[in-house]
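Student: Need a 3D model of the sequence below.
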Amino acid sequence: MKYMIGVDVGGTFTDISLLNIDKGELSILKVKSTVKDPSRGIVSGIKDILDDKKIPHKEIGYLAHGTTVATNALIERKGAKTGLITTEGFEDLFEIGDQTRPDLYDYFKEKPEIFIPSGFNYGVEERLYSNGKVHKKLNKKQVKKVILELKEKGVESIAVCTLFSFVNPKHEKEIVEIIKDIFSEVYVSASHKILPEFREYPRLSTTALNAYLGPVMEEYVNNFRNSVKDMGIKVEPYVNQSNGSIISISETIDSPIKTAVSGPSAGVVAAEYISDLKDVDNIITFDMGGTSADVSLVENNEPVVSTERKINGFPVKVPMIDINTVGAGGGSIAWIDDGGALKVGPQSSGAEPGPACYQRGGMKPTVTDANVALGRLNPNYLLGGKMEIDYKLAVESINNDITKNSNMNVTEAASGIIDVVNSNMIRAIRVVSVEQGYDPREFSLVSFGGAGSLHACSIANELNINKIIIPYSPGIFSSIGLLVADIKYDFVNSKLMIANKDNIKDINKIFDKLVKQGNNKLSKEKIENDKREFILKIDARYLRQNYELQINLPKFPINKKILTEIKDKFHKEHENKYGYSDQEQPIEFINFRANAIGKTPTPTLIKKEIKENIGEPKPIEHRKVYYKKFGEYVKTPIYNRKDLNPGQKLIGPAIIEQMDTTILVKDSWNAKIDEYLNLTLVNRGG
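Tutor: The predicted structure is shown next:
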């Protein structure tokens, strides 16, 4: 392996990282996303960067891709025409849901429209007891009739989810076999494969969404794989999944729901990697791109992973890094509502037509236009001179849509746009920190994305965060995360049992089965035995509780001593989470989980020498920049990041420009370049 490539597709730009393994040199490229077919932008960008570096395509030994195709299909409701086969009497479960309202205090807010409409949901005769024993045999004749009706209705995908299939998948397997016999071309998603876990509604929802995405993702990743192959790249590409790891194309086709937040999770992995190099354990990641801002929390170098996420109002129980996304990006559109209040987003100008200053036909004022008007962004060009910017168009868009409909002048309106979008992102960070019991003051902010570093100091000031880490290539940072991600498979088995010594044998038997499944998957990926790692977990609760806490196993196999350790860990975690514990209350085990990890070669970034008494860097120019604190435009030094060397320091206010982003160092902050060329900002107070 000589070269590694990571590709992250965003709403506005596609980011490409190329790493020379031998030299540790990183090359980056940012190209416009091709919205209708993202693979075109990817292939074109890969070709451009390889041709520019004169690298033979056959020398690429690794290619990983973070995608928004699944996310966009769900948001835009552009998935496949999907049918549902379930247990008779439960065909309306997807629509009924769990009886919770979208908004507790809004009686008129409607639930999201389900992806499987009435008439495409069928119940068939079959029933299992809760222990998995057959109560009523599957009516195969009825199943065949249902499948033929779905075929006649033109479905492209079928979700199969019957009661208690997580205990005994016998009937689901029989249904799948019948589908293959008489409707072989249809995509099939069965719950015992996707989520063999108790609670029927989340299991059905996850299975149905997987079916809805299946044909869309299958077509996309096959096109991507074939295009890469046609270029002469011989390696099979990987796809990033929502838990921050990578999976094969075939696994992506089988379980596309695992890629629902593929792109943003890669950024968290990259931030974790950089913070580990700097011996920083607790970070909040802040990824602001062209369309949205994604924030997440990493404690003790472990991203918070959740199986309780909702996407578009529907529960998805596959493990995902806990990322909070808001419609706040450089392309977010500013507008005045009916009450005269200034709003920003969630609507975005996207890649086409883009902000007004991009000169692509966009007329609406955006966050990018506001940053240009205030002098924070270069008024002439972006992307190191590859993209021309029209300052007049930025000002004109703000004037037409904001100042003419308010009492503000252009400067006040632009400053207001920045304040509003910052407030939106601060609220998003509070959701993953304060609302989860974390104090942001105990964390460092890792800022990346094309727009993040312009807003990082303001965000940190409001949250009293005193350290900001900005990686060397923040605008394409998520694509770097794809270079350091491991292969990972998540397995789960549900079985309710009391945590006592009588059940130790059954617990070990379940984990043995999960580990065997994990080894089979890792063997298919050709992962050597010494590169395999297993993390085992149990979802536990006090008897008669309704929700669980996840506890890591200290050792395996379990014996009486280890069982006591697990119970003690649960009591402590319950105390931390809810403020109390009950040592006398029986503990019930619910779900048994295994993470099968295949360690991939981790690239090493070159460590630069820090020279003493290196002196201050020289600015390339000065520009007037507006600061709300001073209420005026202040002459500010502008630096090119390529000119900054390890050990050099900057005192704010200052602006640092580079190909993939612009960094605003506010007046109360100092900046220093470290040995990996990261920029560390420290608040000096004031």
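Student: Name the nearest residue to residue 405, sequence neighbours excluded.
Tutor: Once flanking residues are discounted, residue 405 sits nearest to residue 336: 4.6 Å by Cβ to Cβ, 6 or more residues apart in numbering. Any C-beta I mention is one placed from the backbone N, CA and C, and that applies to glycine too.
Student: In this structure the one you found contacts residue 404, no?
Tutor: No: between residue 336 and residue 404 there is no contact under Cβ atoms under 8 Å: 9.4 Å.
Student: Settle it for me: which of those two has more neighbours?
Tutor: Neighbour tally, residue 336 and residue 404, criterion other Cβ atoms under 10 Å: the higher count belongs to residue 336, 17 against 11.
Student: Check the burial of residue 415 by counting its neighbours.
Tutor: Neighbour tally, residue 415, other Cβ under 10 Å: 19.
Student: still on that earlier bit, if the residue nearest to residue 405 is in a bridge, with which residues?
Tutor: residue 342 (DSSP bridges).
Student: confidence score at it?
Tutor: With respect to pLDDT, residue 336 has a value of 93.
Student: what stretches of the stretch 301-450 of the chain score poorly on pLDDT?
Tutor: When residues are selected by pLDDT under 70, none of them lie in the stretch 301-450 of the chain.
Student: typed the wrong thing, it's the stretch 51-200 of the chain
Tutor: In the stretch 51-200 of the chain (pLDDT under 70), no residue qualifies.
Student: Can you show me the strands along it?
Tutor: Counting by DSSP state E, counting those that start in this stretch, the stretch 51-200 of the chain has strands at residues 60-66, 82-87, 121-124, 127-128, 134-136, 157-161, 187-190.
Student: Indicate which one of these is closest to residue 628.
Tutor: Closest to residue 628 of the strands of the stretch 51-200 of the chain is strand 60-66 (Cβ to Cβ; 35.1 Å).
Student: And that closest one, what's buried?
Tutor: By 16 or more other Cβ atoms under 10 Å, the buried positions in strand 60-66 come out as 60, 62-66.
Student: With stretch 280-294 instead?
Tutor: Buried-residue list, stretch 280-294, by 16+ other Cβ under 10 Å: 280, 282-294.
Student: out of these, who's nearest residue 361?
Tutor: Closest to residue 361, out of all of these and judged by Cβ to Cβ, is residue 290, at 15.9 Å.
Student: who's in contact with the closest one?
Tutor: Applying Cβ atoms under 8 Å, 6 or more residues apart in numbering to residue 290 gives the contacts 10-13, 329-331, 348, 350-351, 450-451.
Student: With residue 533 instead?
Tutor: 597, 599.
Student: again, 6 Å this time
Tutor: residue 597 (Cβ atoms under 6 Å, 6 or more residues apart in numbering).
Student: just residue 403 next, same as before
Tutor: So residue 403 contacts 410, 413 (Cβ under 6 Å, 6+ apart).
Student: mind running it again at 10 Å?
Tutor: Under the criterion of Cβ atoms under 10 Å, 6 or more residues apart in numbering, the contact list for residue 403 reads 336, 365, 395, 409-414.
Student: ok so, going back, ok, now how distant is the residue nearest to residue 405 from residue 409?
Tutor: The gap separating residue 336 from residue 409 is 15 Å, by Cβ to Cβ, to the nearest Å.
Student: swap in residue 226?
Tutor: 54 Å.
Student: Next: residue 89.
Tutor: 65 Å.
Student: got it, and residue 2?
Tutor: In terms of Cβ to Cβ, residue 2 sits 56 Å off from residue 409.
Student: Repeat that for residue 303.
Tutor: Applying Cβ to Cβ, the value for residue 303 to residue 409 is 44 Å.
Student: One more: residue 149?
Tutor: Distance from residue 149 to residue 409, by Cβ to Cβ: 64 Å.
Student: Quick one: residues contacting residue 654.
Tutor: Applying Cβ under 10 Å, 6+ apart, the residues near residue 654 are 617, 619, 625, 636-639, 663-667, 669-671.
Student: ok, of the residues you listed, which come out buried?
Tutor: Of the contacts of residue 654, these count as buried by 16+ other Cβ under 10 Å: 617, 619, 625, 636-639, 663-667, 669, 671.
Student: Got the domain ranges for this structure?
Tutor: In the domain annotation for the chain, the residue ranges read 3-70+218-259, 75-211, 270-324+434-480, 332-420, 487-598, 621-683 (automatic domain parsing).
Student: okay, those in a markdown table with distance to residue 608 next?
Tutor: Shown next, in a markdown table, are these (distance: least, Cβ to Cβ, whole Å):
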| stretch | distance to residue 608 |
| --- | --- |
| domain 3-70+218-259 | 11 |
| domain 75-211 | 42 |
| domain 270-324+434-480 | 10 |
| domain 332-420 | 21 |
| domain 487-598 | 30 |
| domain 621-683 | 5 |
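Student: closest to residue 609 out of these?
Tutor: It is, among the domains of the chain and with distance given as Cβ to Cβ, domain 621-683, at 6.8 Å.
Student: Show me whatever sits in contact with both of residue 336 and residue 404.
Tutor: In contact with both residue 336 and residue 404: residue 413, using Cβ under 10 Å, 6+ apart.
Student: what about residue 647, which helix or strand?
Tutor: Residue 647 belongs to no helix or strand when assigned by DSSP states H and E.
Student: now it, nearest residue through space, not along the chain?
Tutor: Nearest one to residue 647, counting by Cβ to Cβ, 6+ apart, is residue 610 at 4.1 Å.
Student: The one you found: what's it in contact with?
Tutor: Contact analysis of residue 610 by Cβ under 10 Å, 6+ apart lists 645-648, 672-675.
Student: Which pLDDT value does the model give it?
Tutor: Note on residue 610: pLDDT of 84.
Student: tell me the phi and psi of it?
Tutor: The phi/psi pair for residue 610 (degrees, to the nearest 10) reads phi -90, psi 120.
Student: residues contacting residue 325?
Tutor: So residue 325 contacts 71, 261, 264, 287, 291-296, 346, 428 (Cβ under 10 Å, 6+ apart).
Student: Could you tell me how many residues sit around the closest residue to residue 156 other than its chain neighbours?
Tutor: Once flanking residues are discounted, residue 156 sits nearest to residue 80: 4.0 Å by Cβ to Cβ, 6+ apart. For residue 80, the tally of surrounding residues (other Cβ under 10 Å) stands at 22.
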